[in-house]
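Participant: here is the input, now give the coordinates:
(2 chains)
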Amino acid sequence: MSQAAVASPTSLVISRTYPASVERVFNAWTDANQLGQWFAPTDDYTTKANVDLRVGHEYRIAITHKGGNVHTILGTYRLIEPPRKLVYTWRWEGGPASDTLVTVDFNPDGDATKVTITHEKFTNTEDRDKHNEGWNGCLTRLQRTLTTSA
Amino acid sequence: MVKYSASLDATFSALSDSTRRTILTSLQRGNASVTELARPHDISMPAILKHLRVLEQAGLIEQKKTGRVRMCRLTVAPMQQAADWLSLYRVFWDNQLDNLGRFLERTDPQKIKRQENKACRKPPSHPPRRS
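Facilitator: Next comes the predicted model:
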């Protein structure tokens, strides 16, 4: 077992810096049209996003493989602070009812923007017994696609 | 699959407490008795025992009584599942962030403007070269 698994066991934090303004990066993340142009695992997928960018309202991102399989991510916006911060729930359609939580921070760094994603564990264990199949399969299929097309 | 998901919930829930994470880190160095595990923590023995019970129920540790000493041992499988879950998302996000980078470059207004300017401009005439 890796040490890292113990050091940060419940959340995933990942950062990237882009030579673009915070506004541009925030828009890429929240505009349905723009999301559809980049939010896909590989070129073998097409993405259709629906976004209702209001707290308590929903987004839905359908990622369709050229073979026809569709993976849909959906959730609710919890916090919207343009262009600096976005918090929303996340789950795979057909997966378990419990949500994970995604926080995206957009921080200006000179002319560039540092994006930090924190993807946190299942916050809701009440629905544990209602879990359907699909969750694990969805990620596994996705991983398989990523590793075979890499 | 349902079982897998429920056990992931239990793992993450057990890991959501810093005392329990410290206990697990101690156990990474080797098996330890309950007394040894309690030593670095400024909390009561019943509280430690409660934490150990949560960890045991999540399948993260095993407890075994040898004479009067209760020994604890780390069990790897649930932790591995949790790590696998996180690594799947790491791959996923890494990939999405690469895509975002390409998208931002493709749609960079300054770059597009520069390219338009370039397209409009006549090719530069080279200054006469002196020999």
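
Participant: where does chain B have low pLDDT?
Facilitator: Residue ranges of chain B with pLDDT under 70: B:1-6, B:118-131.

Participant: same check, this time on chain A
Facilitator: Using pLDDT under 70, the flagged stretches of chain A are A:1-10, A:41, A:95-98, A:121-150.

Participant: please enumerate the helices of it.
Facilitator: A:3-7, A:22-30, A:32-38, A:135-149 (DSSP state H).

Participant: now the third one: buried residues?
Facilitator: Residues of helix A:32-38 classed as buried under the neighbour-count rule (16 or more other Cβ atoms under 10 Å in any protein chain shown) are A:Ala32, A:Gln34, A:Leu35, A:Gly36, A:Gln37, A:Trp38. (Each C-beta comes from the backbone N, C-alpha and C, glycine too.)

Participant: which ones among these also lie next to chain B?
Facilitator: Checking the buried residues of helix A:32-38 against chain B by Cβ under 8 Å from any Cβ of the partner chain, the ones in range are A:Gln34, A:Gln37, A:Trp38.

Participant: just those residues now: which is nearest chain B?
Facilitator: Using Cβ to the nearest Cβ, the shortest approach to chain B within these belongs to A:Trp38, at 3.7 Å.

Participant: which ones are touching the closest one?
Facilitator: A:Trp38 sits next to A:Ala28, A:Thr47, B:Gln96, B:Asn99, B:Leu100, B:Arg102, B:Phe103 when contact means Cβ atoms under 8 Å, 6 or more residues apart in numbering or on different chains.

Participant: spatially nearest residue to it (excluding sequence neighbours)?
Facilitator: Leaving aside its chain neighbours, A:Trp38 sits nearest to B:Phe103 (3.7 Å; criterion: Cβ to Cβ, 6 or more residues apart in numbering or on different chains).

Participant: likewise A:Ser11?
Facilitator: Spatial nearest neighbour of A:Ser11, chain neighbours left out: A:Glu120 (4.4 Å); criterion: Cβ to Cβ, 6+ apart.

Participant: same thing with B:Leu97?
Facilitator: A:Arg16 (4.4 Å).

Participant: just the helices in chain B please.
Facilitator: B:2-15, B:18-28, B:34-38, B:45-57, B:77-106, B:109-120.

Participant: anything in the second one near chain A?
Facilitator: In other words, helix B:18-28. Yes: using Cβ under 8 Å from any Cβ, helix B:18-28 reaches chain A at B:Arg21, B:Leu24, B:Thr25, B:Gln28.

Participant: how about the CA coordinates for that helix, as CSV?
Facilitator: The C-alpha coordinates for helix B:18-28 follow below in CSV (Å, rounded to 0.1, in the frame of the first residue of the first chain):
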residue,chain,number,x,y,z
SER,B,18,-7.7,12.3,11.9
THR,B,19,-7.2,10.1,15.0
ARG,B,20,-8.2,7.0,13.0
ARG,B,21,-5.9,8.0,10.2
THR,B,22,-3.0,8.4,12.6
ILE,B,23,-3.8,4.9,14.0
LEU,B,24,-3.6,3.5,10.5
THR,B,25,-0.3,5.3,9.8
SER,B,26,1.1,3.8,13.0
LEU,B,27,-0.1,0.3,11.9
GLN,B,28,1.7,0.8,8.6
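
Participant: TSV for the helices of chain B, including mean neighbour count?
Facilitator: Listed next are the helices of chain B as TSV, based on neighbours: other Cβ atoms under 10 Å in any protein chain shown:
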stretch	mean neighbour count
helix B:2-15	19
helix B:18-28	17
helix B:34-38	17
helix B:45-57	16
helix B:77-106	17
helix B:109-120	10
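
Participant: which one of those helices lies nearest to A:Thr89?
Facilitator: Of all those, helix B:77-106 sits nearest to A:Thr89, with 14.7 Å by Cβ to Cβ.

Participant: for the closest one, name the packing helices and strands.
Facilitator: helix A:3-7, strand A:11-18, helix A:22-30, helix A:32-38, strand A:112-120, helix A:135-149, helix B:2-15 (3 or more Cβ pairs under 8 Å, 6 or more residues apart in numbering or on different chains; DSSP states H and E).
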